[in-house]
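[1] Quick check, what structure comes out for this input:
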Amino acid sequence: QVQLVESGGGLVQAGGSLRLSCTASGRTSSSSAIGWFRQAPGKEREFAAGITGTGRSTLYADSVKGRFTISRDNAKNTVYLQMNSVKPEDTAVYYCAARGIAAVVAARDRYDYWGQGTQVTVSS
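    Residues are numbered from 1 along each chain as shown. From the prediction side, this is the model:
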């Protein structure tokens with residue numbers, strides 16, 4: 001089992017920045033890909049960004065490309081999502097998820113473990 005805990009959410013003004021953290025515990029592995037997903041009220045959970053187990057490759061949704069940066073520190077079992085130039089439409093609950101293998105994908109059903117989520121609210 002892998003436990004994931006997100007932190008760093010909060011209220012931020014449009015144009016501002018926020019950094020989310022996802023810390024893993026349990027049967028963690030540096031070979032596991034991690035994805036950040038988000039779910040706005042009344043909408044389906046969608047992929048935002050992902051990173052391979054080694055951290056060498058990343059994947060972003062078009063909606064966040066150029067504004068969000070995902071990174072990881074395997075020594076700390078932590079993955080970060082740096083959110084810059086945030087917009088009101090970035091308001092959502094943000095979840096991190098882990099796969100059992102290193103390759104990163106956008107498909108939600110390919111992830112095995114999920115955190116409880118952290119709320120991000122962007123005011124206009």
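[2] those strands in the chain, which residues are they?
    2-7, 10-13, 18-26, 34-39, 46-51, 58-60, 68-73, 78-83, 92-98, 113-114, 118-123 (DSSP state E).
[3] residues in contact with the residue most central in space within the chain?
    A centroid search over the chain (C-alpha atoms, centre = their mean) returns Trp36, at 2.3 Å, as the residue closest to the centre. Contact analysis of Trp36 by C-beta atoms under 8 Å, 6 or more residues apart in numbering lists 20, 22, 47-50, 70, 79, 81, 94-97. Using the backbone N, CA and C atoms, a C-beta is placed for each residue, glycine as well.
[4] Equivalent analysis for Ile51, please.
    Ile51 neighbours (C-beta under 8 Å, 6+ apart): Ala33, Ile34, Gly35, Ser57, Thr58, Leu59, Ile70, Ser71, Arg72, Val79, Val104.
[5] And the third one, how far from Val93?
    As judged by C-beta to C-beta, to the nearest Å, Gly35 and Val93 stand 14 Å apart.
[6] picking up where we left off before, among the contacts of Ile51, find me the one that's closest to Val12.
    Nearest to Val12 among the contacts of Ile51: Ile70, at 17.9 Å, using C-beta to C-beta.
[7] is the closest one in a bridge, and if so with what?
    Leu81 (DSSP bridges).
[8] what about it, neighbour count?
    When neighbours are counted by other C-beta atoms under 10 Å, Ile70 registers 24.
[9] Check the one 10 residues further on too.
    By other C-beta under 10 Å, 20 other residues sit near Tyr80.
[10] Same check on the one 4 residues further on?
    Neighbouring residues of Asn84 were enumerated by other C-beta under 10 Å; the total is 14.
[11] surely it meets Val64?
    No: using C-beta atoms under 8 Å, Asn84 is not in contact with Val64; the gap is 9.8 Å.
[12] ok, now which ones touch Glu46?
    Glu46 touches Phe37, Arg38, Gln39, Ala61, Arg108, counting by C-beta under 8 Å, 6+ apart.
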